[in-house]
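J.: next input, structure requested:
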Amino acid sequence: MDQLVPHTAESLGTDLRALGLRAGDVVLLHSSVRSLGFVVGGAQAFVQALLGVLGPGGTLVVPAHTSDNCDPAGWRNPPVPEAWWPVIRDQAPGFDPARTPSRWMGVIAELVRTWPGALRSDHPRLSFAAVGAHAAGVTGVHRVDDALGEDSPLGAVYRLDGKVLLLGCGHDSNTSLHLAEWRQESPPRGVNGASIRRPDGTGKWTTWVDVIEDEEDFERLGADFEAAVGLPAGRVGEAPTRLMSQRALVDFATAWLAANRPKA
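T.: The predicted structure is shown next:
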């Protein structure tokens, strides 16, 4: 059906409430701004609508990942010459929660990261940003060697009984499924590296060991979850949208991965 009217902050707020979002909710958003269709005011109008629905007691959380801040030895799209690796490690300016933009997270997530009052966790590669009543609690602890585990913003959202909102994107973008990976009995682990900004403004290359994230089966996992709980499809603007309990999702995914992924 052709769109008859442009979408506005008011109409998007109505759509979000119809989907089941409520004042006081903690919601982790994954989004594609293009999927909304024409919105008067664009991404800013959508963020205002979402924050308006959540109200002063609610909290909006987004991924603010900097996936390019990683060891150049593993770069594939495109790779760089091996002779460049030490230069990149030594000369990268270093992750700074206030200065470093997110990469490949989308216009809406980057807008939330820079929103007045937004806070950001300090993981150099897999940070999250949050606005609202629980922003400090969500972003305040983010261990470098537990990027998407219990001591991460994902774990904080779980403890707060938050929700996940997929706006125009699929479960392959659903970072909460990684929390289920971290909860496996013996998940595969590997060495990570990133540049972190020192107080004097220089970068310091740092390495650590953490779980290796793998999204390859997340679409199948998500489809099985939706079928199991009877998750209804919704729409915000023109965007196909799904709203779900993060706890229900992660608990299901934890059992699903244990049953369906090959053991090492």
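J.: count of residues packed around Asp122?
T.: Using other C-beta atoms under 10 Å, Asp122 has 16 other residues around it. (C-beta placed from N, C-alpha, C; glycine too.)
J.: pretty sure it sits against His142.
T.: Yes - between Asp122 and His142 there is a contact under C-beta atoms under 8 Å: 5.9 Å.
J.: backbone phi and psi for Gly155, please?
T.: Gly155 adopts backbone torsions of phi -60, psi -40, taken as degrees, to the nearest 10.
J.: you'd agree it is up against Leu179?
T.: Yes - taking contacts as C-beta under 8 Å, Gly155 lies within contact range of Leu179: 6.6 Å.
J.: list residues touching both of those two?
T.: In terms of C-beta atoms under 8 Å, 6 or more residues apart in numbering, Gly155 and Leu179 are both contacted by the residues Gly149.
J.: low-confidence regions, the protein specifically.
T.: By pLDDT under 70, the low-scoring segments of the chain are 1-4, 264.
J.: 90 - rerun?
T.: Low-confidence segments of the chain (pLDDT under 90): 1-5, 67-78, 91-93, 104, 198-203, 262-264.
J.: mind listing the strands for it?
T.: Taking DSSP state E as the test, the strands found in the chain are 26-31, 59-63, 119-120, 128-132, 163-167, 189-197, 203-211, 234-236, 239-245.
J.: how much space between Ala130 and Leu28?
T.: Between Ala130 and Leu28 the distance is 9 Å, computed by C-beta to C-beta, to the nearest Å.
J.: who's more crowded, the two?
T.: Shown here are Ala130 and Leu28; by other C-beta under 10 Å, Ala130 has more neighbours (30 against 26).
J.: right, and the more buried one touches His142 too?
T.: No - contact between Ala130 and His142 fails when scored by C-beta under 8 Å: they sit 11.3 Å apart.
J.: mutual contacts of the two, please.
T.: Pro153.
J.: mind listing what the residue most central in space within the chain touches?
T.: Nearest to the geometric centre of the chain sits Pro63, at 2.9 Å (C-alpha atoms, centre = their mean). Pro63 sits next to His30, Ser102, Met105, Ala109, Leu126, Ser127, Phe128, Thr175 when contact means C-beta under 8 Å, 6+ apart.
J.: if I look at Ser31, how far off is Pro97?
T.: Taking C-beta to C-beta, one finds Ser31 at 21 Å from Pro97.
J.: okay, those two: which has more neighbours?
T.: Taking neighbours as other C-beta under 10 Å, Ser31 and Pro97 compare with Ser31 leading, 28 against 19.
J.: beta partners for the more buried one?
T.: Leu167 (DSSP bridges).
J.: wait, isn't it in contact with Leu167?
T.: Yes - in terms of C-beta under 8 Å, Ser31 counts as a neighbour of Leu167; the distance is 4.1 Å.
J.: shared neighbours of these two, anything?
T.: Contacts common to Ser31 and Leu167, judged by C-beta under 8 Å, 6+ apart, are Ile108, Ala239.
J.: so what's Phe128 closest to, chain neighbours aside?
T.: Distances taken as C-beta to C-beta, 6 or more residues apart in numbering put Pro153 closest to Phe128, at 3.9 Å, once the chain neighbours are dropped.
J.: residues contacting that neighbour?
T.: Val61, Ser121, Phe128, Ala130, Val138, Thr139, His142.
J.: and what of Asp25?
T.: Asp25 touches Leu54, Gly58, Thr59, Gly162, Lys163, counting by C-beta under 8 Å, 6+ apart.
J.: and Asp96, how many neighbours?
T.: For Asp96, using other C-beta under 10 Å, the count is 15.
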